[in-house]
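Trainee: Coordinates for the following, if possible.
(chains A and B)
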Number of protein chains: 2
Amino acid sequence: MEERTEISSLGEFGLIDHLTKDNETKNVSTILAVGDDAAIIDHFGRQTVVSTDLLLEGIHFDLSYTPLKHLGYKSVVVNVSDIYAMNATPTQIVLSLAFSNRFSVEALDEFYAGVYAACETYGVDLVGGDTSTSQRGFVISITAIGEVAPDSYVKRNTAQVNDLICVSGELGGSFLGLTLLEREKKIFEETGAQPDLEGQSYIVGRLLKPEARKDIIEYFAEAEIMPSSMIDISDGLSSDLLHICKQSSVGCVLYEDKLPFNEEAKEFAYKLELDPTACALSGGEDYELLFTVPQADYEKIKVNPSISIIGYITEASEGKNIITRGGNKHALIAQGWNHLK
Amino acid sequence: MEERTEISSLGEFGLIDHLTKDNETKNVSTILAVGDDAAIIDHFGRQTVVSTDLLLEGIHFDLSYTPLKHLGYKSVVVNVSDIYAMNATPTQIVLSLAFSNRFSVEALDEFYAGVYAACETYGVDLVGGDTSTSQRGFVISITAIGEVAPDSYVKRNTAQVNDLICVSGELGGSFLGLTLLEREKKIFEETGAQPDLEGQSYIVGRLLKPEARKDIIEYFAEAEIMPSSMIDISDGLSSDLLHICKQSSVGCVLYEDKLPFNEEAKEFAYKLELDPTACALSGGEDYELLFTVPQADYEKIKVNPSISIIGYITEASEGKNIITRGGNKHALIAQGWNHLK
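Mentor: A predicted model of the protein is given here:
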């Protein structure tokens, strides 16, 4: 039988000690971490960047097919992704959790193992937090702190007409992974049949263990690229590109044949009679970076195999459109994830 | 009939626009606030302080007797209180909310009115956040950012033997307010009788609209006092003083007759046959500052009517004790609020 230590046997402060006993800080800017009323950070000469996310069981994740370790990892990833989307480097996180009594100390250890693994990958320090019981379910709140050289951050509202629209990685995989796991869950509930994930490790991995694009930000620094605007894709390409257009008061043209797909994901989409383009436009949680650059940066962008040029920015009066493979023009509409629906 | 606008009629981004449309920033360090992937803060030459809290309906607050505006105010207060407890000045907050469909836009407006009022009182800027639905109840996550002159922050683990133990304000009021409101709620549920809060506005106010001790931190700067250790009282005087003792490897002596009480609170305690001293020691959520200073600061502390000297720090070997009015010595025990029980 698996070991199960009741959380109440440790008490609140015992639990915090237990979960943070191996916490080692990596950033020189981390002066004081867990264990006081607040953490102290030293960002002399750099600007501080802050982002926060609140994730709830049953809304943002389903523990019936999400291992807690992956959930811990992903919770950090979605938050540091927002810091990268500012062209900044994440340095610290604070993490708060609430959980009902169905969770054991071992379950929280699994979650924290994922959190620490992500801290290692992205070079961030866990510097504080809060723990509490909940009446039902698992609640995660993460705030990430980062730093950026003065005035080197990149906003959403500064895209310029004629800029190239670029995206990192491949799109739609996470949405397809979610579709697969939801389908297998339903089959399991109805028939008891074990999930068939054969050959689908790519899309399942995109959903359960996404990565934030640290490498792209590092490439920008190395190649001396300063994007004119940037956002991370959490709600879907359409929805997030429309944010850039609205906030920058510009229009856009996307080319369907330029959208980057993974072959495995595309095959799975066809199997389900889903349109891969629709998955790329409207599927959320890809955590790729969507950004614009001046045309002068074309050569620098072209040589990076992780970046695709998918369209360009137009005057607002030209609207927001996608040109299909067949050459037809359609208006882009936001159909991203909307947690308020 | 009261107006009720469904949150779904605005959508997620419409809701954020609605809730933050009057948000004006006050701090020069706030470079970029709500509306992008992250906020940008400039703390050149100052150290950044970060604290976070997660508050859940049914665990941390009861909406049957907590007005949403007060809840918004208090959510900010509990978090900036942690920043003051580091001897720092809060400058920004990020706020995330999750709520079920029983909440309307008007209800969220009430909550935000309280948040903005507290931002005004404490001079902090709201710079970001996240909103989401929940399956049940109201979830609040706040992270506060502050600043402090280099190495002027005050920790919990640096109290010295013979230091004076000091506390701001009065103790136990919030716990008595909670006891009163819980009792009236029970009476209402059983008999339908309306609450009788006659003459109890002090203790109810201490629970529902506490204030953080900005004034004490300002007095420290003015009088050139550098506490040797500090914590804010959220779990109760005993529990929080034991944190200081444990982390500083010291003991303490408290004097029962030095503990600061409010007269109205004391009378209400007697009415309920509760011991006011027990309320002061174990009642939580007073959000007063508990700190230690070298004896050399005695004169500076004595002249501030908002500060009481309640004991002194001893060698660890002497234990952690309270001397009663009758002259008896008892071991201090932590009986603070424990949200994990």
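
Trainee: okay, and for the stretch 201-341 of chain A, where does confidence drop off?
Mentor: For the stretch 201-341 of chain A, the stretches with pLDDT under 70 are A:336-341.

Trainee: Report the mean per-residue pLDDT for stretch A:26-43.
Mentor: For stretch A:26-43, mean pLDDT rounds to 78.

Trainee: And that stretch, what's buried?
Mentor: Applying a neighbour-count criterion of 16 or more other C-beta atoms under 10 Å in any protein chain shown, one finds A:27, A:29-43 buried in stretch A:26-43. Backbone N, C-alpha and C define where each C-beta goes, glycine included.

Trainee: and chain B, which of those residues contact it?
Mentor: A:31, A:32, A:35, A:36, A:37, A:38, A:39, A:40, A:41, A:42, A:43 (C-beta under 8 Å from any C-beta of the partner chain).

Trainee: Sort out for me which of the residues you listed are in strands.
Mentor: Among those, the ones falling in strands (DSSP state E) are A:31, A:32, A:39, A:40, A:41, A:42.

Trainee: Check the ones next to chain B among the buried residues of stretch A:26-43 and tell me the two furthest apart.
Mentor: A:35 and A:43 (20.7 Å; C-beta to C-beta).

Trainee: Please, where are all the strands along the stretch 51-200 of chain A?
Mentor: A:89-99, A:125-133, A:139-148, A:164-168 (DSSP state E, counting those that start in this stretch).

Trainee: Tell me the spacing between residue A:311 and chain B.
Mentor: According to C-beta to the nearest C-beta, to the nearest Å, residue A:311 and chain B sit 21 Å apart.

Trainee: following whichever helix or strand that residue is part of, which helix or strand shows up next?
Mentor: Using DSSP states H and E, residue A:311 sits in strand A:307-315. Next along the chain after strand A:307-315, taking DSSP H and E as the criterion, comes strand A:320-323.

Trainee: Which other helices and strands does that next one contact?
Mentor: With contacts defined as 3 or more C-beta pairs under 8 Å, 6 or more residues apart in numbering or on different chains; DSSP states H and E, strand A:320-323 has these neighbours: helix A:237-248, strand A:250-255, strand A:329-331.

Trainee: List the strands paired with the second one, with their directions.
Mentor: Each strand paired with strand A:250-255, and its direction, by DSSP bridges: strand A:307-315 (antiparallel), strand A:320-323 (parallel).

Trainee: Contacts made by the first one with the rest, please.
Mentor: It refers to strand A:307-315. With contacts defined as C-beta atoms under 8 Å, 6 or more residues apart in numbering or on different chains, strand A:307-315 is touched by A:159-168, A:216, A:245, A:248, A:250-255, A:258-260, A:292, A:298, A:301-302, A:322.

Trainee: coming back round to it: list just the nearest of the buried residues of stretch A:26-43 to residue B:67.
Mentor: Out of these, the member with the shortest distance to residue B:67 (by C-beta to C-beta) is residue A:37, at 27.1 Å.

Trainee: Just to check, the closest one is in contact with residue B:154?
Mentor: No. Taking C-beta atoms under 8 Å as the definition, residue A:37 is not a contact partner of residue B:154, at 9.3 Å.

Trainee: if we can go back for a sec, for the helices and strands packed on strand A:320-323, give me TSV that also has mean neighbour count.
Mentor: Below are those laid out as TSV (neighbours: other C-beta atoms under 10 Å in any protein chain shown):
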stretch	mean neighbour count
helix A:237-248	22
strand A:250-255	21
strand A:329-331	10
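
Trainee: Among these, which comes closest to residue B:143?
Mentor: helix A:237-248 (23.0 Å).

Trainee: Next one: the closest one, is it in contact with chain B?
Mentor: Yes. Helix A:237-248 comes into contact with chain B (C-beta under 8 Å from any C-beta), by way of A:243, A:247.

Trainee: pull the CA atoms of that helix into CSV?
Mentor: Provided in CSV are the C-alpha atoms of helix A:237-248 (Å, rounded to 0.1, in the frame of the first residue of the first chain):
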residue,chain,number,x,y,z
LEU,A,237,-3.3,32.1,-31.6
SER,A,238,-6.4,34.0,-32.8
SER,A,239,-7.4,35.3,-29.4
ASP,A,240,-3.9,36.4,-28.5
LEU,A,241,-3.1,37.9,-31.9
LEU,A,242,-6.3,39.9,-31.6
HIS,A,243,-5.1,41.2,-28.3
ILE,A,244,-1.9,42.6,-30.0
CYS,A,245,-4.0,44.1,-32.8
LYS,A,246,-6.5,45.7,-30.5
GLN,A,247,-4.0,47.1,-28.1
SER,A,248,-1.7,48.3,-30.9
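
Trainee: Give me the packing partners of it, helices and strands only.
Mentor: In terms of contacts (3+ C-beta pairs under 8 Å, 6+ apart), helix A:237-248 is packed against strand A:229-232, strand A:250-255, helix A:276-282, strand A:289-293, strand A:320-323.

Trainee: can you state the direction angle for that helix and strand A:250-255?
Mentor: 150 degrees (axes from the mean of the first three to the mean of the last three C-alpha atoms, to 10 degrees).

Trainee: Tell me what angle helix A:237-248 forms with strand A:289-293.
Mentor: Using the same axes, to 10 degrees: helix A:237-248 against strand A:289-293 is 40 degrees.

Trainee: Contacts for helix A:237-248 next, please.
Mentor: In contact with helix A:237-248 (C-beta under 8 Å, 6+ apart) are residues A:155-160, A:165, A:167, A:171, A:229, A:231-234, A:250-252, A:254, A:259, A:280-282, A:284, A:286, A:290, A:292, A:313, A:316, A:320, A:332-337, B:13, B:35.

Trainee: Which parts of chain A belong to which domain?
Mentor: What automatic domain parsing lists as the domains of chain A is A:11-148, A:164-331.

Trainee: Next, the distance between the ends of the shortest one.
Mentor: The reference is to domain A:11-148. 39 Å (C-alpha to C-alpha, to the nearest Å).

Trainee: how distant is that domain from the center of its chain?
Mentor: Remark: domain A:11-148 is offset 14 Å from the chain centroid, using C-alpha atoms, centre = their mean, to the nearest Å.
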